[in-house]
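Novice: coordinates only, sequence not included:
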């Protein structure tokens, strides 16, 4: 709802500028997180809380993330001092969000310890407050600067509430737990995920960067609306797989049971994904134009292409968790690079010819390449490709029976 109001009020051009800087935040996200999210999930799932294990883990993660955030903010501040133009100001504002993002790994703690209600409440409150402020800024005709500051405020509120929930669950953040040697071991394990996250962010947002430079901010604004609504559904497979992750970790020693469980989870997710996609195809046409207005009408057809990504995003998310549990993390980087190369090449070819529709198809083909075909190309990950294929066949058979 907030996206609808803001997009209509500020217009496609300003919404394109706003989306451009949000894309930069997404690309830089892996530097802020240091690739530690998956490492936190893995360690919490495999090791029970003995001798304040999770307090030590979380304290060291917070410390390392805060340090890198301050360094990044300082670097961009120096850039702002040297150049001081509009673009450097907007970059500095959006990079400020890296500091509160340091505490977002508490979400992994809540998922593992069945405390997701803390995360849900925090997200709900921060989203409502942030949404209200975005609407106020949009209707008061303020600059994009203030709209980006609202993003910083929203992340700050989310971080404070998550930290409060963590402390309420007897979690501790204490300097006595912080050890340089421990941080080094975390960073050594997470280093591949920094590269993975950077390339993932690049290939998920490179289409928007290229559209901005090749077609302009108006086209980017139209395209971004489709992206925002198609990506909203991605939280479903993320939440489902996160909730089943502890049991996945428990079953990984039994190969047959582990594979059966993965097929079961993925089959459920794919059925839900198909229902959502069909709903968009059937009902979206009747309300899209009325909701967004004539300026964004082209975004509906783009969204129809992008929403199909949900199927392959689900495959990719499960693939990442499987790689973590089977110690195949380094292969994630291979397939992400493969997807990024496909996306950049296709965007360079298709955007000049087909515009934002070319970008949408490029994104879809890149997701298929990374999240499905990428597992086929390596003999060590081919077993997951088989699991994915069996899940797809199960889902098709399920719909045939209906």
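Specialist: Happy to help now that I have it. None of these values were measured; they are calculated from a predicted model.

Novice: which residues touch stretch 260-274?
Specialist: 233, 236-237, 240-241, 244, 247-248, 251, 310-311, 314-315, 318, 322, 387-388, 390-392, 394-395, 398-399 (CB atoms under 8 Å, 6 or more residues apart in numbering). For every residue, glycine as well, the C-beta is placed using N, CA and C.

Novice: average model confidence for it?
Specialist: What stretch 260-274 shows for mean pLDDT is 87.

Novice: and if you look at stretch 33-46?
Specialist: Mean predicted confidence for stretch 33-46 is 71.

Novice: where does residue 141 land in three-state SS?
Specialist: Following DSSP: H, G, I helix; E, B strand; the rest coil, the label given to residue 141 is coil.

Novice: tell me the contacts of residue 283?
Specialist: By CB under 8 Å, 6+ apart, no residues touch residue 283.

Novice: rewinding a little: which members of the contacts of stretch 260-274 are classed as buried?
Specialist: Listed as buried from the contacts of stretch 260-274 are 233, 236-237, 240-241, 244, 248, 251, 310-311, 314-315, 318, 322, 387-388, 390-392, 394-395; burial here means 16 or more other CB atoms under 10 Å.

Novice: does residue 77 really touch residue 92, like I thought?
Specialist: Yes. Between residue 77 and residue 92 there is a contact under CB atoms under 8 Å: 6.2 Å.

Novice: who's more crowded, these two?
Specialist: Set residue 77 next to residue 92 and count neighbours by other CB atoms under 10 Å: residue 92 wins out with 19 against 14.

Novice: name the element that one belongs to?
Specialist: helix 86-95 (DSSP states H and E).

Novice: what comes into contact with that helix?
Specialist: Under CB under 8 Å, 6+ apart, the answer for helix 86-95 is 21-22, 24-25, 28, 72-73, 76-77, 79-80, 144-145, 148-149, 151-152.

Novice: keep only those of the buried ones among the contacts of stretch 260-274 that are in helices.
Specialist: Judged by DSSP state H, the subset of those located in helices is 236-237, 240-241, 244, 248, 251, 310-311, 314-315, 318, 322, 387-388, 390-392, 394-395.

Novice: so what's residue 149 scoring on pLDDT?
Specialist: Model confidence at residue 149, given as pLDDT, is 85.

Novice: for residue 157, see how far away the nearest residue to it once chain neighbours are set aside is.
Specialist: Counting by CB to CB, 6 or more residues apart in numbering, residue 93 is the residue found nearest to residue 149 once chain neighbours are left out, at 5.9 Å. Separation of residue 93 from residue 157 (CB to CB, to the nearest Å) stands at 17 Å.

Novice: likewise for residue 353?
Specialist: Taking CB to CB, one finds residue 353 at 43 Å from residue 157.

Novice: who's more crowded, these two?
Specialist: A side-by-side neighbour count of residue 353 and residue 157, using other CB under 10 Å, places residue 157 first with 19 against 8.

Novice: next one, pLDDT for that one please.
Specialist: On pLDDT, residue 157 comes in at 85.

Novice: now name the helix or strand holding it.
Specialist: Assigned by DSSP H and E, residue 157 falls in helix 144-168.

Novice: likewise for residue 126?
Specialist: Short version, using DSSP H and E: residue 126 is in helix 116-139.

Novice: what of residue 334?
Specialist: Going by DSSP H and E, residue 334 is in helix 329-354.

Novice: re earlier: got the angle between the helix holding residue 126 and helix 144-168?
Specialist: 160 degrees (axes from the mean of the first three to the mean of the last three CA atoms, to 10 degrees).

Novice: longest helix of this protein?
Specialist: Max-length helix for the chain by DSSP H is helix 255-292.

Novice: run through the neighbouring helices and strands of whichever helix or strand comes after that one.
Specialist: Downstream of helix 255-292, the first helix or strand assigned by DSSP H and E is helix 298-306. Using 3 or more CB pairs under 8 Å, 6 or more residues apart in numbering; DSSP states H and E as the contact test, the elements touching helix 298-306 are helix 217-231, helix 255-292, helix 356-368.

Novice: before I go, just wanted to say thanks for your time.
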